[in-house]
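> Fold the following.
(chains A and B)
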Amino acid sequence: MNEMLDTGIGAAVRRREDNRFLQGIGNYTDDIVLPGQTHAHIVRSPHAHASIVGIDKAAAEKIEGVVAILTAEDFADYGGLPCGWQVNGKNDEPMKEPKHPILAEGRVRHVGDPVVVVIAETADIARDASEKVSVSYKELPSAILVDDAVGAGAAAVHEEAPGNVCYDWELGDKAVVDAAFKGAAHVARLELVNNRLIPNAMEPRAAIGDFNRGTGDHSLYTTSQNPHVIRLLMGAFVLNIPEHKLRVYAPDVGGGFGSKIYHYAEEAIVTVAAAKLARPVKWVADRSESFISDAHGRDHVTTVELALDKDGNFLGLRETTLANMGAYLSTFAPAVPTYLHGTLLAGNYVTPVIYCNVKAVFTNTVPVDAYRGAGRPEATYLLERIIDIAAHDLKMDPAELRRRNFIKPDQFPYDTPVALTYDIGDYEATLDQAMQASDYAGYAARKAESAKNGKLRGRGLISYIEACGIAPSNVAGALGARAGLYEAATIRVNPTGSVSVLTGSHAHGQGHETTFAQVVSDMLGISYDSVDVIHGDTDKIPFGMGTYGSRSIAVGGAAIVGAVDKIINKGRRIAAHLMEASEADVVFENGEFKVMGTDKQVGFGDVALTAYVPHNYPLETLEPGLEETAFYDPKNFTYPAGCHICEVEIDPETGVVEIASFTAADDFGRIINPMVVEGQVHGGLVQGIGQALLEGCVYDDNGQLLTGSFMDYCMPRADDFPNFVVSTNVTECTHNPLGVKGCGEAGAIGSPPAVVSAICDALSEYGVTHFDMPATPSKVWSLIHGGKKAA
Amino acid sequence: MTVNVSMNVNGKTVSADVEDRTLLVTYLRENQRLTGTHVGCDTSQCGACVVHVNGKSIKSCTMLAVQAAGAEVSTIEGVANGDELHPMQEAFRDNHGLQCGFCTPGMVMSALDLVKTNPDPSETEVREWLEGNLCRCTGYHNIVKSILAGAKAMRGA
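Residues are numbered from 1 along each chain as shown, chains lettered A, B, ... in the order given. So this is what the prediction gives:
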């Protein structure tokens, strides 16, 4: 940290964005009212799978205040919603990529599929009129669960995807892995389900389209994590609007967790409708609508096997998974169970050979895409569960089995058998740190105390690794990514020395306005308050790929550093001129340009002013102004890792599981703001513990979403948790300029297996070694009362 | 049917002609343009819309505007003293009790009602009180810490 500043890198600076949020004066999409604004309501399919026989709009059109009623015909000139990642299966066979229409074209494929848009003067009128729109359907057989969807005689979601298979992908050499298993002393095997989740950011999605007839400019206000990506996808692939005529603005966004990465139909709907009507069109989702239209997460059915020698050394890992894509391919869906999942199967361990086979499956359910962690929680879950099973089989201590197989600090950089190169880490350090913080040694006494109170206590310990900031772009491109994965930043030094940071990253809770300002003020040696961070508006920010996959500081932060470096370099040239020194002799320290070995110096502010008032300035060799843009394309992923330890207490009478304690020790590389990092961990933990204990998306056999509201889908609440014990251990990333790794998803990645492991441990006397999440009281009660108590 | 609804919001008498079915939250957001009160669900679960009506915290998505006619209503916009944050707001800021900010107004309004009836709540009491407020970002850890700190500051004030 810059010694002069208590607001620099490493300081727990209180967030500047809180001022507006705490006073209710933020600016979320639904807070925006444009003059002459109309309101859209969407009529959605009540059926999982049906042909549309007819749409009768007549009664609705008669209602006073209805402005327009749109169906698929009104969108005939436009493309479908594009998919941003093409995964090729075995033998390089391209994935099946059926059209994802904006509005259903003759057939609906999931409950919630949009069919008709009613636009009216008020939201109430739009809603009333929607009830008068009569859509007649002929129901078709549906495929809901992945294992059913690939079974004989399953209903076809798309004719062009036989057997409902989108792709059949593999990683690793099956023959080599099979051979390793043949020679193994022990093989642990497990079938598991990674339960389907609904992201439920607290702010429902919303979008407002606007069109300026005078200039032909379109504007879209939207709840997005990546406005430039939406501009590219919607502009280039759906609506044919060139970038310079389309502004996408994502103002304050109330949480995302992945669900607001994707380009959704409603964004195209309001943009098209606004142009047709020459009036702004606003759509705001009801929560019930979010449940059936936001992309869901997880939903894997997996078989995993781990081969070990007699001493517990890992020899090989095999996985086969059916991954649910839902009814259509959402923006990044194909990449999640493949390049964000199969590539993580080495975890923190030396496993010489690994084979992974993933079949992506279409079903008549809401599309599934990346949700906090995206593929990596699924990889960590199956890996950590099978290690526990192996420890149980071999009667080994779970911590020792992990320790034995860890990649050791002197093995970095480490090439895994699943295509990644880990640059750095120290897995034993986080393991030891977590064990100490959780009072590992004192566990027996706590277990005895629980038993005295009639409770079953259990402990679970896991290690995890994740990969943040998908990179580099050329490698991702070779693997099917249809976009670059760099980030962009502009540093605009204003004439009087204040700085505007324009970043392509987008904050929707992460606190970038604070943390990015810390980085820039620290590097420039200027006051934190004189640095402003601007994001979310394609008209202001040169370019960006947005925020997902814990990439903002590792990729976006690195782009900012690149732009600051350019500013400093130009500043040195200006300063050298002002001080009549050789540029090579000028150094920049603590906000001053100095001539080495002399007492000559000139402040950053003076250099900035000189750049804009270039009276004493090398105009022949240097342009005026002080503004620089940098793009940063990462050389590699970053690899945060850590250890989570959970203790649970179970009431055997009721099956209620209480989290008695949860300890996380994480290595996120260098920390910019420890307060913000801890907050990210807390939030991730609750989403992961929520998956393990509470949350589960349930469809009935007909594809009706049974968990379609907060009444039915069990969201984590404050009284479900204790305080968490979190700490960090730092090994700095070796390939980005800040040494940072990312911290957004770790909590959600590590916690599910830690909780499940703890519950299995508590129930070990009932012979429980595994169960599928969530651990609802009825499930746990059944495990207790259905199992046999050991003698 | 359109009705005229008047009430006192944050110390000011306001009035608007609204449809009789208009919810209090809609009245505040649309008619009074007090958009700090948020709508996060449609089943009265999330608590993003909590305001005070006659001194008690209620979910403004569950009350008709006409039911609040003549009432004293306070919203998040009325909590700070000009630019000076209320001690509870300050505690949320100081303890990183918010991330995306969407649930925050409801959390703060809910917390203020808790402290009014229970000036020195325990951690368990805070967690139980928040039964009706959902947050997806913070994991509640820092919200609980904030409310305890806010309560302490208010006791000291």
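> buried ones in stretch A:690-699?
A:Gly690, A:Gln691, A:Ala692, A:Leu693, A:Leu694, A:Glu695, A:Gly696, A:Cys697, A:Tyr699 (16 or more other C-beta atoms under 10 Å in any protein chain shown). Backbone N, C-alpha and C define where each C-beta goes, glycine included.
> That stretch vs chain B: in contact?
No - contact check for stretch A:690-699 against chain B, using C-beta under 8 Å from any C-beta of the partner chain: none in range, with a minimum separation of 9.2 Å.
> What is the end-to-end distance of that stretch?
Using C-alpha to C-alpha, to the nearest Å, the gap from the first to the last residue of stretch A:690-699 comes to 19 Å.
> Report the mean per-residue pLDDT for that stretch.
Averaging pLDDT along stretch A:690-699 gives 98.
> if we can go back for a sec, the buried residues of stretch A:690-699 in helices, which ones?
Under the assignment DSSP state H, those contribute A:Gly690, A:Gln691, A:Ala692, A:Leu693 to helices.
> which one of the residues you listed sits closest to chain B?
Distance ranking of those against chain B, using C-beta to the nearest C-beta, places A:Gly690 first at 9.2 Å.
> do you know how far the closest residue to the closest one other than its chain neighbours is from A:Gln691?
Leaving aside its sequence neighbours, A:Gly690 sits nearest to A:Pro716 (C-beta to C-beta, 6 or more residues apart in numbering or on different chains; 4.0 Å). Taking C-beta to C-beta, to the nearest Å as the measure, A:Pro716 falls 9 Å from A:Gln691.
> Give me the nearest residue to the closest residue to chain B within the stretch 251-400 of chain A, chain neighbours excluded.
The shortest separation between the stretch 251-400 of chain A and chain B is 3.0 Å, found at A:Gly254 (distances taken as C-beta to the nearest C-beta). In this structure, A:Gly254 finds its nearest non-sequential neighbour in A:Glu203, 2.5 Å apart by C-beta to C-beta, 6+ apart.
> Verify the assumption that that neighbour is located in a strand.
No - counting by DSSP: H, G, I helix; E, B strand; the rest coil, A:Glu203 is not found in a strand; it is coil.
> burial count for it?
The local packing count at A:Glu203 equals 29, with neighbours defined by other C-beta atoms under 10 Å in any protein chain shown.
> just A:Val53 next, same as before
Neighbour count of A:Val53, defined by other C-beta under 10 Å: 10.
> for the host helix or strand of it, packing partners?
Using DSSP states H and E, the element containing A:Val53 is strand A:50-56. Other helices and strands packing on strand A:50-56, by 3 or more C-beta pairs under 8 Å, 6 or more residues apart in numbering or on different chains; DSSP states H and E, are strand A:107-108, strand A:114-120, strand A:134-139.
> Against which helices or strands is the first one packed?
Judged by 3+ C-beta pairs under 8 Å, 6+ apart, strand A:107-108 is in contact with strand A:50-56.
> How far off centre is the strand it packs on?
Going by C-alpha atoms, centre = their mean, to the nearest Å, the spacing between the C-alpha centre of strand A:50-56 and its chain's C-alpha centre is 36 Å.
> got it, and stretch B:75-89?
Relative to the mean C-alpha coordinate of its chain, stretch B:75-89 is positioned 11 Å out (C-alpha atoms, centre = their mean).
> Same question for stretch A:99-113.
25 Å.
> what do you get for stretch A:772-779?
Per C-alpha atoms, centre = their mean, the centroid offset for stretch A:772-779 relative to its chain is 25 Å.
> in it, what's buried?
Neighbour-count burial for stretch A:772-779, counted by 16+ other C-beta under 10 Å, picks out A:Met773, A:Pro774, A:Ala775, A:Thr776, A:Lys779.
> Tell me the one of those nearest A:Tyr339?
Each of the buried residues of stretch A:772-779 was scored against A:Tyr339 by C-beta to C-beta, and A:Met773 proved nearest at 24.1 Å.
> And that closest one, how far from chain B?
When C-beta to the nearest C-beta, to the nearest Å is applied, the distance between A:Met773 and chain B equals 18 Å.
> wait, doesn't that residue sit right on A:Gly690?
No - here A:Met773 does not reach A:Gly690: they are 9.8 Å apart, not a contact under C-beta atoms under 8 Å.
> between those two, what contacts are shared?
Shared contacts of A:Met773 and A:Gly690, defined by C-beta atoms under 8 Å, 6 or more residues apart in numbering or on different chains, are absent.
> Nearest residue to the residue sitting nearest the centre point of chain B in space, please, no chain neighbours.
Within chain B, one residue has its C-alpha closest to the average C-alpha position: by C-alpha atoms, centre = their mean, that is B:Met109, at 3.1 Å. Distance criterion C-beta to C-beta, 6+ apart; nearest residue to B:Met109, sequence neighbours excluded, is B:Val50 at 4.3 Å.
> Contact partners for that neighbour?
For B:Val50, the contacting residues are B:Thr37, B:Ser57, B:Ile58, B:Lys59, B:Ser60, B:Pro105, B:Gly106, B:Met107, B:Met109, B:Ser110, B:Gly132, B:Asn133, taking C-beta under 8 Å, 6+ apart as the criterion.
> what helix or strand is the first one on?
Here B:Thr37 sits in a region with no helix or strand, counting by DSSP H and E.
> So what does it look like in phi/psi?
Here the main-chain torsion angles of B:Thr37 (degrees, to the nearest 10) amount to phi -80, psi 120.
> you'd agree it is up against B:Leu28?
Yes - applying C-beta under 8 Å, one finds B:Thr37 in contact with B:Leu28, separated by 5.2 Å.
> Identify the contacts common to the two.
With contacts taken as C-beta under 8 Å, 6+ apart, the residues that reach both B:Thr37 and B:Leu28 are B:Val51, B:Ser60, B:Thr75.
> So which of those residues sit within strands?
Applying DSSP state E to the shared contacts of B:Thr37 and B:Leu28, the entries found in strands are B:Val51.
> Of the shared contacts of B:Thr37 and B:Leu28, which is the nearest to A:Asp113?
Closest approach to A:Asp113 among those (C-beta to C-beta): B:Ser60, at 32.1 Å.
> Was I right to think A:Glu466 contacts A:Ala746?
Yes - counting by C-beta under 8 Å, A:Glu466 touches A:Ala746, with 6.0 Å between them.
> can you list residues touching both of those two?
Looking at what touches both A:Glu466 and A:Ala746 (by C-beta under 8 Å, 6+ apart), the common residues are A:Ser550, A:Pro640.
> Show me which residues of the lowest-mean-pLDDT helix or strand in chain A are buried.
When the helices and strands of chain A are compared on mean pLDDT, DSSP states H and E, helix A:473-478 comes out lowest with a mean of 88. Along helix A:473-478, the positions that meet the burial threshold by neighbour count (16+ other C-beta under 10 Å) are A:Ser473, A:Val475, A:Ala476.
> hmm, back to that, can you tell me which of the contacts of B:Val50 is closest to chain A?
Of all the contacts of B:Val50, the one sitting nearest chain A is B:Pro105; the distance, using C-beta to the nearest C-beta, is 4.8 Å.
> Wasn't that closest one part of a helix?
Yes - counting by three-state DSSP, B:Pro105 is located in a helix.
> quick revisit: single out the most deeply packed of the helices and strands packed on strand A:50-56.
Looking across the helices and strands packed on strand A:50-56 with neighbours counted as mean count of other C-beta atoms under 10 Å in any protein chain shown, the highest average goes to strand A:114-120: a mean of 25.
> Note down every partner strand of it and its orientation.
Its sheet considered, strand A:114-120 pairs with strand A:38-44 (antiparallel), strand A:66-70 (antiparallel) by DSSP bridges.
> and the first one, C-alpha only, in CSV?
Below are the C-alpha coordinates for strand A:38-44, written out as CSV (Å, rounded to 0.1, in the frame of the first residue of the first chain):
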residue,chain,number,x,y,z
THR,A,38,-45.4,2.8,-22.2
HIS,A,39,-45.5,-0.5,-20.4
ALA,A,40,-45.1,-4.0,-21.7
HIS,A,41,-46.5,-7.2,-20.2
ILE,A,42,-45.6,-10.6,-21.6
VAL,A,43,-48.0,-13.4,-22.0
ARG,A,44,-46.1,-16.6,-21.4
